[in-house]
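Colleague: what follows is a predicted protein model with its sequence.
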Amino acid sequence: MKTQNTQAFSTAGVSLFLICITILIAYSNTFHASWHLDDVTNILYNKNIHVQNLNPDTWSRIIRSPFVIGPRQSETIYRPVAMATFALNWFLGADNVLGYHLVNIGIHCATGILLYFTLLGLLGAPNVRDRYHGNTHFIALLATLLWALHPIQTQAVTYIVQRMAILSALFYLAGIYFFIRGRTSHKRSKKALFYGLVCISYLLALGTKEHTITLPAALLLVEYVFFLDPAFFKSKKSRWISLLTIALVSIFSIALLCFWLGDPVSFILGGYQQRPFTLSERLLTEPRVLIFYLSQIFYPIPQQFSIMHDFLLSQSLFDPLSTAMCIAIILFLILYSIFSFRRTPLISLAVLFFFLSHSVESTVIGLELVFEHRNYLPSLFLFLPIASGLKYMIDYYHKKKPALYFFLLCFTMLLIVSLGAGTYLRNSRWVNEKTLWQDAIKHAPRQARPYQNVGMYLEKNGRLEEALEFYAKALQLQDPRPELSRFISLSNMGNIYKKMLQYQNAVDCLQEAVNYKGDVATLKVRYNLILCLLNIGKKDVALTHLNWLLSMQKYNCAFLSTRGFVFFKQGRYKKALPDLNLALKQNRFDKNTLLVMAMTLSAEGHHSQADLYLQKALGRNPNNLVIHLGRLENALKMKDQILIDKSMADILQKFQLGTILAFFNNRDKGYNYIHETLVPINDSIVKAALANYIRLWTKEELL
């Protein structure tokens, strides 16, 4: 007995080593993969998790860390377990992606290890132990490796924010494992301990991601397939008890979901407000999506995987015809698994668990149609019957046909290596936004979003001309959300033209973009339009847009100071002062507000007071040419020669002549907004004085 235990322990140790080392190899090229998509809004921009300490008040803030975007905007407890892990990552390494990837890979290894032990427990359960006696370690290890190394898991593991998916799966699987331990324990104290751990696992899973609400149903499935005495179903009374149990578990899960979501009807229907499909279209399309997921799992060629898939919506059962076919296939698989779970328990578990785990994210809730990370949990047991079948054939041909036996061994090894290589290759697409979305263009060439995301990457890296080409291409495509897609492309093109100082082109793009009736993002686009309008001399049009912005956000510092600037340029100084004073109440160190306030006071003859504002602005922005020129203009109006000489000397000491010439060249073109600074400068006063000073001291000509 002791020898058997030692051998089992040794076998388990080797198995765990193989699981961890193969996962590390397959994911070794992801340590520095960049942030993507929801990583930005939920981690980089989520101030609630940017913690500097771990005090109780900090933890309170962490667990109230909702999505920056999405249906949950209020300060309510939302996925606190996942958010806590992100906060710990931030506390230890801020925005360094290495720490986040190491944690995600560690969670994946832990889930693999737990899956191995869970499979051992299932294969040793009363209803199946006689079938797999002596083969349990091989089957469990092979099934775990096939699951852990499969390319479909890359999106869940490598996409940092999908820690929510992998961590919730870990806790979900822990609940199943502890249930098996409790079910096979003979002492009441141990049963109580393990069932208590099931409850804790369930709470942790729910606190990580809501789709784990199906755990009670999964435990019921495990109980029926692996533990319940077959004689139980022979009596009519037992069958009624079985149906009642299923009904109670379903009611409990639905009630818990309602409690979690608040008003489930509003939550479900509200999700479709920003989707290019209806509830009925989603329900009809998702069966095709589920069959597509299965094709990815069982035919994992590189062309099958992408961050985005070009999926045609189902309009009816026969439009397209594959809708009815996929529904029929799913119904057949479910019914077969229900009625044959005594004969083929591993297949029944794999199929029923797959569809059960997809029942939340692939039915009525208005989520995106296709996302590969949703398969992380549902695919846990899919490889169990495959591993069992391979083991059966290897044993069957061991002595009968050695050549076929050798072939099966080689095939099994090749399968593991191929899946690992596929995962490594798929992970190479996640290096940065460009590689990820260029790959998506190949898989979804008719959708605008991949082109837009490549454009964003190129824009961020200063490749503006190339970025414009991708945005222009996106404008030509038929996107499921045409208004939103057009808004994104046009607003980004306008921003690029603004960076390239092509303000008329920027205005043309941004004026069309602001017609989109969307979220608060349009406010920023309209403000960019205003700045471009100022640079082509259309102050009155800019003022109209500013009045609209301030009707939406009447205390916005940037909007107030810019309107004050327009009033200043129109000579309406007394009209400008209230806006500027209100802006300074919102941000007393804003350079634009301080500068425009100073020049407005200077125009009104309050030169000493103006100089105080200019000094404050220079204190925070000592290398801003516009502020230095503003102080020079005010000193010239004061006729304070000492201050004039000092301002002149500061300008020539801090700025090269080429910089000064470029500034006045842009002013000659009418630019009123240069290098993120409003320019309320009187060129005729400043330029002449500065030209004389430059000629005197440097023998150079400014004019």
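Modeller: Received, thanks.
Colleague: what's the mean pLDDT across stretch 593-612?
Modeller: Taken as a whole, stretch 593-612 has a mean pLDDT of 94.
Colleague: other residues contacting it?
Modeller: Here stretch 593-612 makes contact (C-beta atoms under 8 Å, 6 or more residues apart in numbering) with 557, 560-561, 564-565, 568, 573, 576-577, 580-581, 583-584, 587, 613-614, 616-617, 626-627, 630-631, 633-635, 637-638, 643, 677-678, 680-681. Quick note: C-beta positions are derived from backbone N, CA and C, even for glycine.
Colleague: just the buried ones from those residues, in ChimeraX syntax?
Modeller: Those of the contacts of stretch 593-612 that count as buried under 16 or more other C-beta atoms under 10 Å are selected in ChimeraX with:
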select :557,560,561,564,565,568,573,576,577,580,583,584,587,613,614,616,617,626,627,630,631,633,634,635,638,643,677,678,680,681
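Colleague: tell me which entries of the contacts of stretch 593-612 lie within strands.
Modeller: 677-678 (DSSP state E).
Colleague: OK, contacts around the residue nearest to Ile644 when sequence neighbours are not counted?
Modeller: Among residues not flanking Ile644 along the chain, Ala635 sits closest, at 4.6 Å (C-beta to C-beta, 6 or more residues apart in numbering). By C-beta under 8 Å, 6+ apart, Ala635 lies in contact with 611, 643-644, 646-647.
Colleague: and Ala635, how close does it get to Leu629?
Modeller: 11 Å (C-beta to C-beta, to the nearest Å).
Colleague: what do you get for Lys209?
Modeller: Taking C-beta to C-beta, one finds Lys209 at 56 Å from Leu629.
Colleague: repeat for Val51
Modeller: 42 Å.
Colleague: out of the two, which sits in the busier spot?
Modeller: Leu629 (26 against 18; other C-beta atoms under 10 Å).
Colleague: wait, isn't the more buried one in contact with Ile681?
Modeller: Yes. Counting by C-beta atoms under 8 Å, Ile681 is a contact partner of Leu629 at 5.2 Å.
Colleague: quick check, distance from stretch 536-556 to the centre of its chain.
Modeller: 33 Å (C-alpha atoms, centre = their mean, to the nearest Å).
Colleague: quick one: buried residues of that stretch?
Modeller: 536, 538-539, 541-543, 545-546, 549-550, 556.
Colleague: shaky segments in the stretch 1-150 of the chain?
Modeller: Counting by pLDDT under 70, the stretch 1-150 of the chain has low-confidence residues at 1-9, 64-77.
Colleague: per-residue pLDDT, Leu349?
Modeller: Listed pLDDT for Leu349 reads 96.
Colleague: tell me where the stretch 501-650 of the chain has helices.
Modeller: Using DSSP state H, counting those that start in this stretch, the helices found in the stretch 501-650 of the chain span residues 503-513, 521-535, 539-552, 557-569, 573-586, 591-603, 607-620, 625-638, 641-654.
Colleague: any chance of the ones you listed in a markdown table, with distance to Leu119 too?
Modeller: Converted to a markdown table, the helices of the stretch 501-650 of the chain look like this (distance: least, C-beta to C-beta, whole Å):
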| stretch | distance to Leu119 |
| --- | --- |
| helix 503-513 | 54 |
| helix 521-535 | 47 |
| helix 539-552 | 57 |
| helix 557-569 | 58 |
| helix 573-586 | 60 |
| helix 591-603 | 63 |
| helix 607-620 | 62 |
| helix 625-638 | 68 |
| helix 641-654 | 70 |
